[in-house]
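Asker: Let me see the structure of the following:
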Amino acid sequence: MAGAVIEVKYFNTFLLKKVNDSSNKVVWNGSRGIPKDIGGYPAITGLNNDDTWAIEESRIRGGYNNTSVDFGAKAYLVEDEPNGTRRFNTLIYSGIFNSRTGINNTNVFSVADDITKSADPANGSIQKLYAEDTNLTIFQELKCSRALIDKDAIYSAEGGGAVTASNLVIGVIQPIAGKYGISKNPESFAVYGNRKYFSDENNNVILRLAGGIEEISSNGMKDFFRDEINKINSAGALGNIIGAYDIYGSEYVISLQTPSSLRTVSFDPTQTNNPDLYKTLNFDERSRGWVSFFDYKPDQMFSLRNNFYSVKSTPGRGTVASSGTGFTFVLNNVSGFIQQHSIVTGTGIPAGTTVTSFVSATNTVTISIGATLSAGTILRFSSVPQLWRHYDSSVNRSNFYGVDYPSTITFIFNPNATNSKSFKTIGYEGSNGWQVNSFSSDSTGARLTAAGAGYNSSEDSTSRNVSGIGEVTTVSYNDGEYILTEGQGSVALNTTTTNVVLELSTVNGYINVGDIVTGSSLQSQRTVVSYNSNTGALVLNQLTTLSAGDILYFNGVAYRNNYLSVFGTVNPPFPKHYSGFNLKENKYVANLLNFSSPNNKEILYGQSISGVKGFYATVKMSTDLTTDFGGEKTLFSVESAYDMNNGY
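Answerer: Numbers count the residues shown, from 1 in each chain. Here you go, the predicted model:
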């Protein structure tokens, strides 16, 4: 029969449909919204309209002489404006819920009752509601207001107000003083006690509501927040301002996260290579200021039972170590998180493949669908939310989501601000394990270059790169500990190359890579490139002419991290020296060595002079990677001895 549309004539009838698909098979289409795997029917991909029909039926199951559905009241409503409207500034409430009496009218929105309350549309959309006791705080984009719950305010002719009981669910909306709102960042809202914290991107401020509204971002950080919040919604991309109250640390934590589209590196799950991507910091009520920056970038944060938690979804990545076919593969260059149920993608990976298991100790991953993969194939793993409890004593301090970070502090020495000084030393009171990453003076001699191409300036600096430690000025007490080593041995065979063989029976003391080599037959010093203590084979850094029997002397330095390999013990019984901080009278002190580059017309520079010259100095200190790694580090005070310069 030809396809036709049959309208329901009576309001007590059903429609029975017979639908044929493109292959002329009957498909029941009465519950297309129910998935097939939980009792529904397959969706229709193609219809054969010639064999599709519908019958109006009022009897149960359509059976002959079966019970007929009774006629009832036909409810209808004439809607003058059938088009939908979005009332972004309006609140609506449902019927009541009472668990004791079993009344649940939360899905009842009766149009016969006045169940709406509108705020001023000029202040933008309502972004956040917070109810406390019998008051409701309303956060719009441009304004904050309060509304009474289950009561109303009656005002006298003189303007005085009195609260009275009322059958109103939402009373009069009363604006809070100040032209502040929550913009479009309700995720920044946090509350503790009677204090509410949130951001206002439109005004580039962070606010606290407690009686009145106060700009807490102005407490020493006004310029910072002005610049950083400006980046949140830059280039049309939307970022996030995530806030939470840390009940354990008694502080408001906020994370300013610029859009991921502005990321400057292609894959960086920890964001350590892109510090401009986010800024996470905290506000302490006790000091009424912003205390610290953090190295983590959360997706969500919350407090529960005196603990502070954050959630982070971090993707993972790894490269296949060797070609193979099967379900289990070993990965190289693993980064991010790889966990069970993560979706796996990559060349040769079937669609819908997930992680069955992952062993981090061996970087072995097992996938749900077998695959043939080549060595070097990049596998990517979807994000899996991780719940992280902060302040947990079972993990290292400054460890977030499994990644260890050094703790750093930057400050300025600026005594006698109008006079030039030479800073000679650096010292601190606190625990062992602090190092100075940089100690730099202010720029001097700033001047415009030709054609206004920019500024040309100079500064004194102590920053240098230390092998195995990184960019530091003064290494920590432990990292800088060393022992002077000495050794000697006689040459076994004549040589004119860099290869020397020592007579093992004559070798005394210690010979290590990097030792300085001297001897009566050497006109200049040599350096040890390698040495085999079992064969006596010695490689020097330059061609050398030696005769059998010539005696060579070796002088070197063994740092603390090499004690075991050099001396066979971590605590050798030899005098110890310190190249960085030294401990004297319960203070860690060190001289400042200058490593600045030569400037125009400068005769003495760098290590030829002591200390750092300038009006003020910017100092950055951090925890090292060896001393009680992950343990508590304290820093009480920092000082520097300096001399006044004679006006230059």
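Asker: my guess is I551 contacts S490, does it?
Answerer: Yes: with contact defined as Cβ atoms under 8 Å, I551 reaches S490; the gap is 5.2 Å. From N, CA and C alone the C-beta is placed, and that goes for glycine too.
Asker: got any residues that touch both of the two?
Answerer: T506 (Cβ atoms under 8 Å, 6 or more residues apart in numbering).
Asker: For the longest helix seen in the chain, report the contacting residues that lie outside it.
Answerer: The single longest helix within the chain, with elements called by DSSP state H, is helix 222-230. For helix 222-230, contacts defined as Cβ under 8 Å, 6+ apart pick out 199, 201, 204-206, 215, 217, 241, 256, 279.
Asker: Alpha carbons of that helix, as PDB, please.
Answerer: Coordinates of each C-alpha in helix 222-230 appear next as PDB, following Å, rounded to 0.1, in the frame of the first residue of the first chain:
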ATOM      1  CA  LYS A 222      46.800  44.000  40.800                       C
ATOM      2  CA  ASP A 223      49.100  44.200  37.700                       C
ATOM      3  CA  PHE A 224      49.600  40.400  37.600                       C
ATOM      4  CA  PHE A 225      45.900  39.600  37.600                       C
ATOM      5  CA  ARG A 226      45.200  42.400  35.100                       C
ATOM      6  CA  ASP A 227      47.600  40.900  32.600                       C
ATOM      7  CA  GLU A 228      46.900  37.200  33.300                       C
ATOM      8  CA  ILE A 229      43.100  37.400  33.300                       C
ATOM      9  CA  ASN A 230      43.300  39.300  30.000                       C
END
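Asker: what about it, distance to the chain center?
Answerer: Computed by Cα atoms, centre = their mean, to the nearest Å, the separation of helix 222-230 from the middle of its chain amounts to 19 Å.
Asker: Show the average pLDDT along it.
Answerer: Mean per-residue pLDDT for helix 222-230: 92.
Asker: Show me what counts as buried in that helix.
Answerer: Within helix 222-230, the residues that count as buried by 16 or more other Cβ atoms under 10 Å are 225, 228-229.
Asker: Ok, stretch 205-213 next?
Answerer: Going by neighbour count (16+ other Cβ under 10 Å), the buried part of stretch 205-213 is 205-209, 213.
Asker: Kindly present these as JSON lines, with separate columns for pLDDT.
Answerer: Shown next, in JSON lines, are those (pLDDT from 0 to 100):
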{"residue": "V205", "pLDDT": "96"}
{"residue": "I206", "pLDDT": "97"}
{"residue": "L207", "pLDDT": "97"}
{"residue": "R208", "pLDDT": "97"}
{"residue": "L209", "pLDDT": "96"}
{"residue": "I213", "pLDDT": "96"}
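Asker: Dump those to a markdown table, plus distance to F439.
Answerer: As requested, these are exported to a markdown table (distance: Cβ to Cβ, whole Å):
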| residue | distance to F439 |
| --- | --- |
| V205 | 35 |
| I206 | 32 |
| L207 | 38 |
| R208 | 37 |
| L209 | 43 |
| I213 | 42 |
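Asker: Closest to W290 out of those residues?
Answerer: Within the buried residues of stretch 205-213, proximity to W290 (Cβ to Cβ) peaks at I206, which comes in at 9.0 Å.
Asker: Stretch 504-523: end-to-end distance?
Answerer: Distance across stretch 504-523, first residue to last, is 24 Å (Cα to Cα, to the nearest Å).
Asker: Mean confidence (pLDDT) on that stretch, please.
Answerer: The pLDDT scores in stretch 504-523 average 92.
Asker: picking up where we left off before, which pair of the contacts of helix 222-230 spans the longest distance?
Answerer: E215 and K279 (17.8 Å).
Asker: just for the stretch 1-150 of the chain, where's the confidence low?
Answerer: Along the stretch 1-150 of the chain, the parts satisfying pLDDT under 70 run over 1-64, 71-79.
Asker: Try it again at 80.
Answerer: By pLDDT under 80, the low-scoring segments of the stretch 1-150 of the chain are 1-84, 111-112, 150.
Asker: Can you give me the domain assignment for the protein?
Answerer: For the chain, the domain assignment from automatic domain parsing gives the residue ranges 1-72, 313-404, 408-446+456-476+579-644, 481-574.
Asker: got the end-to-end distance for the longest one?
Answerer: Taking Cα to Cα, the first and last residues of domain 408-446+456-476+579-644 lie 29 Å apart.
Asker: So Y563 belongs to a helix, correct?
Answerer: Yes: under DSSP: H, G, I helix; E, B strand; the rest coil, Y563 falls within a helix.
Asker: And it, how close does it get to Y482?
Answerer: 9 Å (Cβ to Cβ, to the nearest Å).
Asker: middle-most residue in this structure, spatially?
Answerer: Among the residues of the chain, the one closest to the centroid is K297, at 2.1 Å (Cα atoms, centre = their mean).
Asker: Surely that one is in contact with Q257?
Answerer: Yes: with contact defined as Cβ under 8 Å, K297 and Q257 form a contacting pair (6.4 Å).
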